[in-house]
Every structure is written in C-alpha cells, then in structure tokens.
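> Model the following, please.
(2 chains)
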Amino acid sequence: DTGVSQDPRHKITKRGQNVTFRCDPISEHNRLYWYRQTLGQGPEFLTYFQNEAQLEKSRLLSDRFSAERPKGSFSTLEIQRTEQGDSAMYLCASSLTAGSDEQYFGPGTRLTVT
Amino acid sequence: GQNIDQPTEMTATEGAIVQINCTYQTSGFNGLFWYQQHAGEAPTFLSYNVLDGLEEKGRFSSFLSRSKGYSYLLLKELQMKDSASYLCAVRGGRGSTLGRLYFGRGTQLTVWP
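Sure, this is the predicted structure:
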C-alpha cells in the first residue's frame, strides 16, 4: 500500500497517561503534517516537518505535545499527561513538496481520554 | 489571521445539483482545496484551484475568485454516497505558513432519495 498509514487507529486512555501515535507517510514525500480534528470542526494544524526538520508548531501544541521525525521517514506524536480536552482525531498528512502538491491524509488516530 | 467560512449544513435530493460556497480571508494564499470527509474517515482530496476560474472533474467542479476571496464546489447528479462533510481549505503562501492548510469547519451535505 502506498498511502499514508497511522497507528493505532483508536486509543482509549485514562487522564494523566502518556500516549504516542505513529504516522508513516508516502515514501517519497518530504513534507509531513499533523492535524487535530474535533467533532463538527475542520482539521486544525498542529505541526509539520520538512524531512527531519520540524519547521513550525501551532500555538495549539502545548508543551505536553512533542513530535519527531527521525531520519525524515515516519513521525511520532506524543502527548504527555493526557487531558480530556485532548480527545480528538489526530490526522497525519504528507505531500511531495510544500507549495505545489496536495496533501494526502492518513486514516487518523481517534483518541479518547477518560 | 485566517478566516474561512462555509455553511454548516446543506440538503439536496438525489440527482440534483448543489453548490457549496466558501469565503476566505487569509494572510497568504497558495491555492484552495476541497476535501470530502465521510463520518469517521480521513479527508480525501476532491479539487484544487490556484488560478481564477472553473476546474471540472467529472461530477465535481470548483471555482475560484482570488479577488473576492471566494470559492464554490459544485456537485452534479447527486448520489446518496455524496452525503458527507465537504471541507474548504486554503494553503498558506509564504514564509512559515507555506504549505500548511487552513480548514473551514466543513459543510455537512445530506442527500435524500
């Protein structure tokens, strides 16, 4: 399969626990984006990478959130000390370049914090 | 700042034509995208406009007027499977915003038989 994949697809965790999500972009894509989507809203930008470099972080990304993309391939998004407000769909997308290509989205990881 | 507006809900009947409007005010612009999203699924790409005018792809067409900050998505010969949320997104055009997408809230389209 040559699409964007995310793991896990669903995660239920208790408040205060740490969680980590993984995203595998389309193999030749240099750009990787993380978005968060809550019910009834469009996706909101969290952060993005150009290869292994994290170029920007949204103000939505508190210090409990950290993302990495070692070697410019897969990426991980970690949330520490989860809160109920973190419950959302976390979407990963990749694109070949920054300015001229569409972003392809993965299936998302649905996080529920109880 | 970025502001993207689209109607929250629309309804239409099978076989009809529906137009979903989107207006935007963004600090940079490098294209406007329309995505379709079925409940519980990821957004899938429908269309892309970077120049003014109409782009047609089968039953779907998208129009852009950059001077007016306006776009619409036109769906023809509606089918039940077109019931979904339609997301308008503007791509940032300069500096650190280059490439990132700013999404509207989405328009939930319901197609009735």
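> who does the helix or strand bottoming out on mean pLDDT in chain B pair up with?
Using mean pLDDT, DSSP states H and E, the weakest-scoring helix or strand in chain B turns out to be strand B:101-103, at a mean of 90. Strand B:101-103 has the following strand partners under DSSP bridges: strand B:84-91 (antiparallel).
> Get me the contact residues on chain A for chain B.
Within chain A, the positions lying close to chain B (CB under 8 Å from any CB of the partner chain) are A:31, A:33, A:35, A:40-45, A:48, A:55-56, A:91, A:93, A:95, A:97-99, A:102-108, A:110. Every C-beta, even on glycine, is put in place using the N, C-alpha and C of the backbone.
> Please list only the buried members of those residues.
Neighbour-count burial (16 or more other CB atoms under 10 Å in any protein chain shown) applied to the residues of chain A next to chain B gives A:31, A:33, A:35, A:42-45, A:48, A:56, A:91, A:93, A:95, A:98, A:102-108, A:110.
> just for chain A, where's the confidence low?
Flagging of chain A using pLDDT under 70 yields the residue ranges A:1-2, A:98-100.
> Helix or strand: which one has the residue most central in space within chain A?
In chain A, the residue lying closest to the centroid (CA atoms, centre = their mean) is residue A:34, at 3.4 Å. Using DSSP states H and E, residue A:34 sits in strand A:31-37.
> Would you state the strands of chain A in chain order?
Remark: strands assigned in chain A by DSSP state E are A:5-7, A:10-13, A:19-24, A:31-37, A:44-50, A:53-57, A:65-68, A:75-79, A:88-95, A:104-105, A:109-113.
> Including distance to residue B:83, could those go into TSV?
Formatted as TSV, the strands of chain A follow (distance: least, CB to CB, whole Å):
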stretch	distance to residue B:83
strand A:5-7	25
strand A:10-13	24
strand A:19-24	28
strand A:31-37	19
strand A:44-50	24
strand A:53-57	35
strand A:65-68	34
strand A:75-79	31
strand A:88-95	19
strand A:104-105	19
strand A:109-113	21
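> So which of those strands is nearest residue B:70?
Closest approach to residue B:70 among those (CB to CB): strand A:44-50, 22.4 Å.
> The closest one to strand A:88-95, inter-axis angle?
Counting by axes from the mean of the first three to the mean of the last three CA atoms, to 10 degrees, strand A:44-50 lies at 40 degrees to strand A:88-95.
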